[in-house]
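Q: How does the following fold in three dimensions:
(chains A and B)
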Amino acid sequence: MSPRSEERTKSNSFFTDCKILICVGGGGVGKTTMAAALGVLAAQSGLKALVLTIDPSLRLAQILGIEGCSDISLVPGQSYPGTLKASVVNHKAVFDSFVRRASTSPEVVDRIQNNRLYQQLSTTLSGSQEFTALESLYQSHTSGLYDLIILDTPPAQHAIDFLQAPQKLAALFSEGVAKWFRKPEAGRTGIVAKLLNSGTRQALKILEMLTGADFIRELSDFFMIIENWQSKLHDRTVEFQRLLVSPTTHFALVTSFEEAKLSEAQVFSQEITKSGYHLKRVFLNRAFPNWHLDALQIKAGNEKVVTEIKRLFFEWKLFYDLRQKLFELFSQKLPSGVQTYRVAEFIMPISDLNGLEKMALRIQEDS
Amino acid sequence: MTGQTQEIHFVTGKGGVGKSLIAAALALSKAELGLKTLLVELGELSYYSHFFHLPSVGYNPMPLSKDLDLALWNGSESLKEYARHLLKVEALYHLFFENQVSRSLVNVAPALPELAILGKITSSARKQGPPVPYDVIVVDAFATGHFLSLLRGPRGMAEAIRIGAMGEQSRKIDEILFKSPLCHFHIVCLPEELPIQETLELHKQLRTEFGVEARIILNRVVKTNLRAEDLKTLTVEAESSAFIEFLEVQIERTRSGLRKLTEACGHSPKQISFFSQTDPWALTKSAMEDLK
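A: Alright, predicted model coming up:
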């Protein structure tokens, strides 16, 4: 077997039985870059791969050279057996487009777009970014154009946020809230007065005391309009859920080499497995650099300089030795069947496709 | 302790730059001055419980060390407390929060949780709602993008709702945040390309959108008197050259990062060393020494 085809087989097995790979992780762990590097690895192994991200800093677009592209684009400068496509999903556009399609009439579209709460806040609704991410994933998946889709989940404080988001959004659309505000008979005025349930009427009065009538008016309007989408949203979330628990949908947890992050990752790995999702891999990003830490060999140099370098060297060695112990403890406690990878820190930050290829190589080396 | 003199500090920055450590160090430095200090983290899950190995961290402040307490605040708890304070009648409060619909409404109504959190943080300063009896509040806030949306909440709400308690209070919160001398903003950064870029953008955004001058704190700086040129004079074994190269890059990045940040932000950033230890209190104390 030639070295090249051997390499191909090896990375092919990396994505065996995997059609969707979802990268989750807390803030600042390098999730986006990892998703892109995995995309490169997939394309190198002959797959038609798509990387989807919701990245407000547009960092991925810069690295991949697809800045300013609004749709799924072929990453320029690649020569792989497969293909690498990528898209930075425009959150507001996808969400608005879902709203338009889900609305029952043009009049409803007008009403929601004129609602002041929606105008101000549609992009910050709890769970809406995650919804958009899943909607893009769902559409790309059903298109049948790709062997593998890698989803870089929206920035979140904690890895677990992604899994809780659909429920949060579903709660927003839950029938109960809209009912609360609904006029008992169309055409009559006085939202509050006409409510039949007196407990709810009281509760709404209290909310009005706390916030003011103006707020309640906008809020009730908001909930009554979005009630229109409820059944469509419900159907969609069922589809999402089916996709997420499918055996060919794998989760990859990206985490950094820090005690608190590792301990958070451990809680997450247990949660996700319990919920019926398939966590297959944990990536410890920015782990040990590629330098040998056993000894420092300096043949010649100014004595003061050498002493200072040695001091710094031993400080770093201590830093990584302490973390190696934490990593060993972490690995022992992971659910069985989860593979861990340590992706060594790069001296220079990854800034282009070439950097991603180097990272893909490191991932492969560790597998 | 009055609302007029209470200091409020927000610590933000790109994810993974060490915001929480810096926030804890800042809070500890205030507590050591004898100021009664509250360290607050935001959201549903506690980071400090992992960091300081605590069994649990909740909405009500718990003691962390002398003159320093810790709490975890989220929107729904903040709103509940505010409602309880305002409604006074316990029965009314229960009526509201025990209604299942209003419970879920509180969690999903747009911007309500964010406003409730900022309302809670500024309640003493605004003399509105239950007082927060501390001299200093240090908020380990959200990362850049999420932090900006948090700050935009009150203004957006005041725009949307002009009349009534919601609009009125949103305007007051906005005033305390950006027009009073009580609030201080800190951006934590690393001597690396991406965090520096994000810091420069955030600093500019805070300045133009809110008229705020945020202080920059450069974390994990390799403090050494070595210059990049010194390293070029060495002859090293091949396997050690990667470390020397790494060191060179670190020194150069710190130098150029400091220059860029100083130029754009109009002050030289506070520098916090890179520490190898993992003990949380040793780390917090070392960072605190550097903050002084």
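
Q: List the buried residues of the helix or strand harbouring B:His94.
A: For B:His94, the element it lies in under DSSP states H and E is helix B:90-97. Neighbour counts over helix B:90-97 (16 or more other Cβ atoms under 10 Å in any protein chain shown) mark B:92-93, B:95-97 as buried. Just so you know, the C-beta spots here come from the backbone N, C-alpha and C atoms, and that holds for glycine as well.

Q: and what of stretch A:314-325?
A: For stretch A:314-325, by 16+ other Cβ under 10 Å, it's A:316-317, A:319-320, A:323.

Q: swap in stretch B:176-193?
A: B:176-178, B:182-192.

Q: what does stretch B:52-68 give?
A: B:52, B:57, B:61, B:64-65, B:67-68.

Q: Which one of those is nearest to chain A?
A: B:Phe52 (9.2 Å; Cβ to the nearest Cβ).

Q: Help me confirm that that closest one comes into contact with B:Ala282.
A: No. B:Phe52 is beyond contact range of B:Ala282, at 12.0 Å (criterion: Cβ atoms under 8 Å).

Q: Low-confidence regions, the stretch 1-150 of chain A specifically.
A: Within the stretch 1-150 of chain A, the ranges that satisfy pLDDT under 70 run A:1-12, A:55-58, A:120-126.

Q: wait, is A:Pro155 part of a strand?
A: No. A:Pro155: not assigned to a strand; according to DSSP: H, G, I helix; E, B strand; the rest coil it is coil.

Q: ok, it - how many residues close by?
A: 25 (other Cβ atoms under 10 Å in any protein chain shown).

Q: pLDDT wise, what is it at?
A: A:Pro155 carries a pLDDT score of 70 in this model.

Q: how deep is the residue in the stretch 1-150 of chain A that chain B sits nearest to tucked in, by neighbour count?
A: Residue of the stretch 1-150 of chain A nearest chain B, by Cβ to the nearest Cβ: A:Gly28 (2.0 Å). Burial of A:Gly28 is recorded as 24 neighbouring residues (other Cβ under 10 Å).

Q: Apart from its chain neighbours, what residue comes closest to it?
A: In space, and not counting its chain neighbours, A:Gly28 is closest to B:Gly16: 2.0 Å by Cβ to Cβ, 6 or more residues apart in numbering or on different chains.

Q: excluding its backbone neighbours, what's nearest B:Glu213?
A: With Cβ to Cβ, 6+ apart, the residue lying closest to B:Glu213 is B:Arg207, at 6.5 Å.

Q: Quick check, that neighbour in contact with B:Ile187.
A: No. Judged on Cβ under 8 Å, B:Arg207 makes no contact with B:Ile187 at a distance of 11.3 Å.

Q: Residues that sit against both of these two, list them.
A: Common neighbours of B:Arg207 and B:Ile187, using Cβ atoms under 8 Å, 6 or more residues apart in numbering or on different chains, are B:Ala214.

Q: Correct me if wrong: A:Thr53 contacts A:Val88.
A: Yes. At 5.7 Å, A:Thr53 counts as touching A:Val88 under the criterion of Cβ under 8 Å.

Q: Pull the number of nearby residues for the residue in the stretch 151-292 of chain B positioned nearest to chain A.
A: Closest contact between the stretch 151-292 of chain B and chain A, by Cβ to the nearest Cβ, is at B:Gly164 (1.8 Å). Number of residues near B:Gly164 (other Cβ under 10 Å) recorded here: 18.

Q: ok, now which ones touch it?
A: Counted by Cβ under 8 Å, 6+ apart, B:Gly164 has contacts A:211-215.

Q: Check A:Gln113 too.
A: Listed by Cβ under 8 Å, 6+ apart, the contact set of A:Gln113 reads A:Gln119.

Q: Show me which residues of the helix or strand harbouring it are buried.
A: Assigned by DSSP H and E, A:Gln113 falls within helix A:106-114. Buried positions in helix A:106-114, judged by neighbour count with 16+ other Cβ under 10 Å: A:108-109, A:111-112.

Q: Now do it: distance to the chain's middle.
A: In terms of Cα atoms, centre = their mean, to the nearest Å, the centre of helix A:106-114 is found 30 Å from the chain centre.

Q: Equivalent analysis for stretch B:158-165, please.
A: 27 Å.

Q: Check stretch B:214-230 too.
A: Counting by Cα atoms, centre = their mean, stretch B:214-230 comes out at 22 Å from the chain centroid.

Q: With distance to A:Val282 added, can I get the buried residues of helix A:106-114 in CSV?
A: Listed next are the buried residues of helix A:106-114 as CSV, based on distance: Cβ to Cβ, whole Å:
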residue, distance to A:Val282
A:Val108, 45
A:Val109, 44
A:Arg111, 46
A:Ile112, 41
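
Q: how about the strands of the stretch 151-292 of chain B, start to end?
A: Taking DSSP state E, counting those that start in this stretch, the strands of the stretch 151-292 of chain B run over residues B:183-189, B:215-221, B:235-236, B:270-273.

Q: Quick check: which of the ones you listed is nearest to A:Lys261?
A: Closest approach to A:Lys261 among the strands of the stretch 151-292 of chain B is made by strand B:215-221 (14.9 Å; Cβ to Cβ).

Q: quick one: average pLDDT of that closest one?
A: 96.

Q: Ok, stretch B:28-39 next?
A: 97.

Q: Check the separation of the first and last residues in stretch A:60-68.
A: 12 Å (Cα to Cα, to the nearest Å).

Q: List the buried residues in it.
A: A:60-61, A:63-64, A:66.

Q: Let me have those residues in TSV, extended by distance to chain B and secondary structure.
A: Rendered in TSV, the data for these read as follows (distance: Cβ to the nearest Cβ, whole Å; DSSP: H, G, I helix; E, B strand; the rest coil):
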residue	distance to chain B	secondary structure
A:Leu60	12	helix
A:Ala61	14	helix
A:Ile63	11	helix
A:Leu64	15	helix
A:Ile66	18	coil
